[in-house]
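Have a look at this prediction, sequence included:
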Amino acid sequence: MRHFGLEAAFAGALALGVATVAYAALPNVAKPASKPVVAEAPVEEAAPSAPPPAFECGNPVPGEKINSPFGLRRLPWEDRGRLHEGVDIAGPTGTRVVAVSDGIVKRSGESPSYGRYVEVEHGVGLTSFYSHLGKIERGVKKGSYVEAGRTVGRMGSTGTSTGPHVHFEIRQDGKPLNPLVFIGREFATKADLPLKLGAYVSPRVRLATVSEIPESKKALMEAKASKGKKSKRGKRVRETLTFAVNS
């Protein structure tokens, strides 16, 4: 039995060797194809992000419209027109008034004419000014940083005011500019700022219509009305005397 097993193993090995030699000698036998090499796609570098704009101006009272524009204006108690150095935006008392752009608070406080006010410096030679506020928001003081859209105060009617509104200004090195050419726009560089257009003042004088007369101006209005009545009476007397002489 052992001789029989050895012979069987020897015969199997011999058959396997013969088959291997025969397979190698066969012509045109295709060899297994090697696995294709897939080239890796080059990694694209991210495009550099655009630099932030030099100045971006929002709306100081989101959702509300301007009801008194920049330009020459004459109020009922004034004898002649003068420059309205900003725009007025009316709304309910307590309405949020927000910073139009990032900046540093230059000053905040109260004055007889502007009432409670906040001024913000924006770093491109421009400042924004918010006045007649009913309240200045806590923490908004000289030297504090404010982001665009942060509440700087609440709408009111402090100072020489004709009703609840915010008087909003844009200034360039202290010179008033028309806020209408800035609100809702962004400027890539300082050179893009519309300083020349903003400085233009139309020669037309607009007669202002007000809803309330400030207490400090009522005496002026009464004196002006009284002066007008006396002037009219004097005119009628002069006309009567002229008529008598001519007749």
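Now that the structure is in, tell me what you want to look at. Quick caveat, the model's predicted, so the values are computed rather than measured. Numbers count the residues shown, from 1 in each chain.

could you check the distance from residue 97 over to residue 123?
21 Å (CB to CB, to the nearest Å). (Glycine included, C-beta is placed from N, CA and C.)

tell me what the lengthiest strand in the chain is packed against?
For the chain, the longest strand by residue count, based on DSSP state E, is strand 126-136. Contacts defined by 3 or more CB pairs under 8 Å, 6 or more residues apart in numbering; DSSP states H and E place strand 126-136 against strand 103-111, strand 115-121, strand 151-155, strand 165-172.

swap the cut-off to 6 Å and go again
Contact partners of strand 126-136 among helices and strands, from 3 or more CB pairs under 6 Å, 6 or more residues apart in numbering; DSSP states H and E: strand 115-121, strand 151-155, strand 165-172.

Lowest mean pLDDT among the helices and strands, pick that one out for the chain.
helix 2-25 (a mean of 48; mean pLDDT, DSSP states H and E).

Can you name the next helix or strand after that helix?
Using DSSP states H and E, the next helix or strand after helix 2-25 towards the C-terminus is strand 55-57.

higher neighbour count, residue 97 and residue 123?
Neighbours of residue 97 and residue 123, each counted by other CB atoms under 10 Å, are more numerous for residue 97; the result is 29 against 13.

How about residues contacting the longest strand of the chain?
The contact list for strand 126-136 (CB atoms under 6 Å, 6 or more residues apart in numbering) reads 93, 97, 100, 108, 114-121, 152-154, 156, 158-159, 161, 166-172.

And stretch 114-134, what's buried?
Taking 16 or more other CB atoms under 10 Å as the basis for neighbour counts, the residues of stretch 114-134 that come out buried are 114-120, 122, 124, 126-134.

If you could redo that for stretch 159-172, that was the one I meant.
When burial is assessed from 16+ other CB under 10 Å, stretch 159-172 yields the following buried residues: 159-171.

Can you get me the start-to-end distance on it?
One end of stretch 159-172 sits 24 Å from the other (CA to CA, to the nearest Å).

who touches that stretch?
Where contact means CB under 6 Å, 6+ apart, the residues beyond stretch 159-172 that reach it are 60-61, 85-90, 93, 97, 113-115, 125-132, 155, 157, 176-177, 179, 182, 195, 210-212, 214.

mind checking which of the helices and strands packed on strand 126-136 is nearest residue 53?
Comparison of those against residue 53 by CB to CB identifies strand 165-172 as nearest, at 15.4 Å.

State the mean pLDDT of the next helix or strand after the closest one.
Next in sequence after strand 165-172, counting helices and strands by DSSP H and E, comes strand 175-177. Averaged across strand 175-177, pLDDT comes to 97.

possible to save the helices and strands packed on strand 126-136 as JSON lines with mean pLDDT and distance to residue 223?
JSON lines is the format used below for the helices and strands packed on strand 126-136 (pLDDT from 0 to 100; distance: least, CB to CB, whole Å):
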{"stretch": "strand 115-121", "mean pLDDT": "98", "distance to residue 223": "24"}
{"stretch": "strand 151-155", "mean pLDDT": "98", "distance to residue 223": "31"}
{"stretch": "strand 165-172", "mean pLDDT": "97", "distance to residue 223": "26"}
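
out of those strands, which comes closest to residue 203?
Put simply, out of these the one that sits nearest residue 203 is strand 165-172, at 20.8 Å, with distance taken as CB to CB.

quick one: that closest one to strand 126-136, angle?
Direction vectors for strand 165-172 and strand 126-136, defined by axes from the mean of the first three to the mean of the last three CA atoms, to 10 degrees, enclose an angle of 160 degrees.
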